[in-house]
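Trainee: here is a sequence with its predicted model. Questions after.
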Amino acid sequence: MNTTPALDVDRVRADFPILNREVHGRPLVYLDSAASSQKPTQVIRAMSEYFEQHHSNVHRGAHELSVEATDAYEHARATLAGFIGAREPAELVFTRGTTESINLVAYAWGSGLERGDEIVLTVMEHHSNIVPWQLLAERSGVRLRFAGLTAAGRLDVDHLASLIGPSTRLVGLTHVSNSLGITNPVAEIAGLAHDVGALCLVDGAQAVPHMPVDVGALGCDFYAFSAHKMCGPTGVGALWARQAILEAMPPFQGGGEMISEVKLEGSVWAPVPHKFEAGTPPIAEAVGFGVAADYITALGFEAISAHEADLTSYALNRLAGLDGFELFGPSEDRLGVLSFRYGDIHPHDLATILDRQGVAIRAGHHCNQPLMDYLGVDATARASLYLYTTRGEIDVLVDALLVARDLFGGFE
Ligand code: C6P
């Protein structure tokens, strides 16, 4: 008997006001959630209420509003720490998002590296898990090494293992690929890194919105994610790291908030996580981030995953029936971020034609240029699903693709 609680998608959609709007005179079909998800009323209201009732700066004032703002901010930190299985709220640093989280590690932790040290990454990394390491390589002379893919379009773990050795200081990889939709075996790879005394950094931007994440069970050392891909606002994200690692790292940016004492001769840093939160943080955004986590928790990952798995196989079945449809990455055991090409229509033209029919997809390199080079394409079209997506919307996508093919006079 199937006991998985079903997601009531109509009720979920009622929480997302933007899904009621039209685009070019057609109902919006939003299939770009991997770029940024839409926001439920619960998050929008919590942020408005924060501004209407509680706003002040945090950790600074003795007055009531400052206390309330600080409580709301720290409550969000505790919620998010619990959401990803952190042991302590202090292990969770608020940042501007995944990109800033990885830059923080590359800059602060990376400042301890030197020529001869190696960092192992994969060719499927988002630019935000490549470029900060390239900047570090320019500064310090560390060497970057990249693991490839198997013929089936998954991470080549044997290749990755062969790159790890006594000079490896860090293995960095994405939990879920934003182009291939695959989930990488993070726990296994963290183990390979630890075997040689290296650390493991995980880019969780595309995983946290879709699956329960337990950083303790994953066994990684750093985990980065963004609010805006998981029903939360833009401008905020988080870096999780073990407290001892954070304590040993030098600061990332200097300023207010991150110090406990400043003298003209030098300063003493605040305890973690504040040491890494220089300046006034994104307070309302952090509040919205926490409410987004609560929203997802209330729906339940079991129900969300079952819904997304059903939609993904429905979409893949329907799309596979179209002449000229070519999927990137495996067709099984994957999440609902579907990169594809369609006949000889360039992905940018395709996205424009679909947009005229109300269907929002992404076209381009998805900040995965090395992966595109590896796959031998300049761009793909990408449809990405989320907890509010319906089978009916997949049908609209398929119909819109047929319109595009007709506009192009069919395929050879
Ligand atoms: N990917 C996409 O359309 P930020 O921008 O910092 O919130 O997240 C960056 C990022 C890092 N890693 C992965 C795996 C990602 O997918 C993203 C964001 C978006 O695929 C925008 S490029």
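Mentor: Yes, it's here.
Trainee: so residue 311 is in contact with residue 394, correct?
Mentor: Yes. Judged on C-beta atoms under 8 Å, residue 311 makes contact with residue 394 at a distance of 6.7 Å. C-betas here are computed from N, CA, C, even on glycine.
Trainee: tell me which of those two has more neighbours.
Mentor: residue 394 (24 against 20; other C-beta atoms under 10 Å).
Trainee: check the offset of whichever strand or helix holds that one from the chain's centre.
Mentor: For residue 394, the element it lies in under DSSP states H and E is helix 391-407. Its chain's C-alpha centre and that of helix 391-407 lie 28 Å apart, by C-alpha atoms, centre = their mean, to the nearest Å.
Trainee: mind giving me the domain split of the protein?
Mentor: 9-30+300-407, 44-297 (automatic domain parsing).
Trainee: format the ones you listed as a markdown table; extra columns: distance to the ligand and mean pLDDT.
Mentor: A markdown table is the format used below for those (distance: least, C-beta to the nearest ligand atom, whole Å; pLDDT from 0 to 100):
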| stretch | distance to the ligand | mean pLDDT |
| --- | --- | --- |
| domain 9-30+300-407 | 4 | 97 |
| domain 44-297 | 3 | 98 |
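Trainee: would you mind finding the most buried of those domains?
Mentor: Ranked by mean neighbour count, the domains of the chain are led by domain 44-297 with a mean of 19 (mean count of other C-beta atoms under 10 Å).
Trainee: doesn't residue 206 lie inside a strand?
Mentor: No. Judged by DSSP: H, G, I helix; E, B strand; the rest coil, residue 206 forms no part of a strand; its state is coil.
Trainee: out of the domains of the chain, which gets nearest to residue 38?
Mentor: Nearest to residue 38 among the domains of the chain is domain 9-30+300-407 (4.9 Å), distances taken as C-beta to C-beta.
Trainee: what about the closest one, distance to the chain center?
Mentor: Using C-alpha atoms, centre = their mean, the offset of domain 9-30+300-407 from its chain centre is 18 Å.
Trainee: can you pull out the strands in the stretch 101-250 of the chain?
Mentor: Here the stretch 101-250 of the chain has its strands, by DSSP state E, counting those that start in this stretch, at 118-122, 143-147, 168-174, 199-203, 222-226, 237-241.
Trainee: now the helices: where do they sit in the stretch 301-412 of the chain?
Mentor: 301-320, 347-356, 369-375, 391-407 (DSSP state H, counting those that start in this stretch).
Trainee: show me the contacts for the closest residue to residue 315 other than its chain neighbours.
Mentor: Nearest residue to residue 315, sequence neighbours excluded (C-beta to C-beta, 6 or more residues apart in numbering): residue 394, at 4.7 Å. If you count contacts by C-beta atoms under 8 Å, 6 or more residues apart in numbering, residue 394 has them with 311, 314-315, 318.
Trainee: please repeat the previous calculation with a cut-off of 6 Å.
Mentor: Contact analysis of residue 394 by C-beta atoms under 6 Å, 6 or more residues apart in numbering lists 314-315, 318.
Trainee: pick the one among those closest to residue 246.
Mentor: Distance ranking of those against residue 246, using C-beta to C-beta, places residue 315 first at 40.4 Å.
Trainee: and the closest one, how far is that from residue 178?
Mentor: 17 Å (C-beta to C-beta, to the nearest Å).
Trainee: where's the closest residue to residue 186 other than its chain neighbours relative to residue 230, distance?
Mentor: Among residues not flanking residue 186 along the chain, residue 218 sits closest, at 4.9 Å (C-beta to C-beta, 6+ apart). Separation of residue 218 from residue 230 (C-beta to C-beta): 17 Å.
Trainee: please enumerate the helices of the stretch 101-250 of the chain.
Mentor: For the stretch 101-250 of the chain, helices defined by DSSP H, counting those that start in this stretch occupy the ranges 131-140, 157-163, 186-195, 215-218, 243-248.
Trainee: ok, and what's touching the fourth one?
Mentor: Yep, that's helix 215-218 we're talking about. For helix 215-218, the external contacting residues (C-beta under 6 Å, 6+ apart) are 84-85, 186-187, 223, 240.
Trainee: ok, the spatially most central residue of the chain to residue 183 distance?
Mentor: Residue closest to the mean C-alpha point of the chain, counted by C-alpha atoms, centre = their mean, is residue 205 at 1.2 Å. Separation of residue 205 from residue 183 (C-beta to C-beta): 13 Å.
Trainee: can you check residue 5 too?
Mentor: Distance, residue 5 to residue 183, by C-beta to C-beta: 22 Å.
Trainee: what of residue 217?
Mentor: Residue 217 is 14 Å from residue 183, by C-beta to C-beta.
Trainee: cool, residue 155 as well?
Mentor: 10 Å.
Trainee: swap in residue 24?
Mentor: Per C-beta to C-beta, residue 24 is found 35 Å from residue 183.
Trainee: was I right about residue 77 contacting residue 92?
Mentor: Yes. Between residue 77 and residue 92 a contact is recorded at 5.5 Å, counting by C-beta atoms under 6 Å.
Trainee: then residue 284 would be within a helix, right?
Mentor: Yes. Residue state for residue 284 (three-state DSSP) corresponds to a helix.
Trainee: mind listing what it touches?
Mentor: Contacts of residue 284 by C-beta under 6 Å, 6+ apart are 47, 50-51.
Trainee: and it, how far is that from residue 244?
Mentor: 31 Å.
Trainee: then residue 394?
Mentor: For residue 394 relative to residue 244 (C-beta to C-beta), the value is 47 Å.
Trainee: and what of residue 304?
Mentor: The span separating residue 304 from residue 244 equals 33 Å under the rule C-beta to C-beta.
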